[in-house]
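Participant: What would the 3D arrangement of this be:
(2 chains)
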Amino acid sequence: GDSVTQMEGPVTLSEEAFLTINCTYTATGYPSLFWYVQYPGEGLQLLLKATKADDKGSNKGFEATYRKETTSFHLEKGSVQVSDSAVYFCLTDSWGKLQFGAGTQVVVTP
Amino acid sequence: GAVVSQHPSRVICKSGTSVKIECRSLDFQATTMFWYRQFPKKSLMLMATSNEGSKATYEQGVEKDKFLINHASLTLSTLTVTSAHPEDSSFYICSARALAGGEPSSYNEQFFGPGTRLTVL
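Facilitator: Numbers count the residues shown, from 1 in each chain, chains lettered A, B, ... in the order given. Below is the predicted model:
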């Protein structure tokens, strides 16, 4: 079945540091790919998405590119802020069925 | 963007009582709603999929008599935790799927509610 593997956290960074969270997936066919963010005490919010190979999703300074050849969708941000502290989830969507990664907690310190 | 609400946001109840959680799509019609459970520092676990006007489809290992799901309208689904026990304490999240505006598409985005924190004493 489908699965999503993302790097374990917590990831602790200083403000303005570069952030990468790795995500790889296995799926039948070509799923849509997402990154969701969960701020403390809140529900999941869509951060960005890509629906086909080579698409780049971007939002709030975050980017991720759909790499079919490596089945990856790594999340990057060039300069993080304290407000980026949250849990980030990588997801695949195959015909309406979501598969979640385990989530990666990111802690950004001033 | 599409908004999904949940009510209540937090609930504390005594062991043995039942608790109802509502999930509403506020500005779109959702033919399908999903209920997830999130354990501390863990990912979300899909509990069940509910389609408006029909019985919910439960994932393996989820007790359908314990977690009653009703999807009575295109904007409302409810999850009732019956005879709750402390091990049912968790963060419950719903999501709603909107059809992509009539366009032919194999993909329909899910929009998540803010979650309900259930604590059973």
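Participant: What parts of chain B come near chain A?
Facilitator: Residues of chain B found near chain A, taking Cβ under 8 Å from any Cβ of the partner chain as the criterion, are B:6, B:32, B:34, B:41-44, B:46, B:93, B:97, B:106-115. Just so you know, the C-beta spots here come from the backbone N, C-alpha and C atoms, and that holds for glycine as well.
Participant: which of those residues count as buried?
Facilitator: In terms of neighbour count (16 or more other Cβ atoms under 10 Å in any protein chain shown), the buried residues within these are B:6, B:32, B:34, B:43-44, B:46, B:93, B:97, B:108-115.
Participant: So which of the residues you listed belong to strands?
Facilitator: B:6, B:32, B:34, B:44, B:46, B:93, B:97, B:110-112 (DSSP state E).
Participant: Which one of those residues is nearest to residue A:83?
Facilitator: Of all those, the one sitting nearest residue A:83 is residue B:112; the distance, using Cβ to Cβ, is 19.8 Å.
Participant: what bridges to the closest one?
Facilitator: residue B:95 (DSSP bridges).
Participant: isn't it right up against residue B:97?
Facilitator: No: the pair residue B:112 and residue B:97 does not pass the contact test of Cβ atoms under 8 Å, sitting 10.7 Å apart.
Participant: Now the common contact residues for those two.
Facilitator: Residues touching both residue B:112 and residue B:97 by Cβ atoms under 8 Å, 6 or more residues apart in numbering or on different chains: none at all.
Participant: Mind picking the lowest-pLDDT entry from the buried ones among the residues of chain B next to chain A?
Facilitator: On pLDDT alone, residue B:108 ranks lowest of these, at 63.
Participant: just to revisit the earlier point, just the buried ones among the residues of chain B next to chain A now: which is nearest residue A:68?
Facilitator: Checking those against residue A:68 with Cβ to Cβ, the nearest one is residue B:109 at 20.7 Å.
Participant: What separation is there between the closest one and residue B:48?
Facilitator: Distance of residue B:109 to residue B:48, computed by Cβ to Cβ, to the nearest Å: 19 Å.
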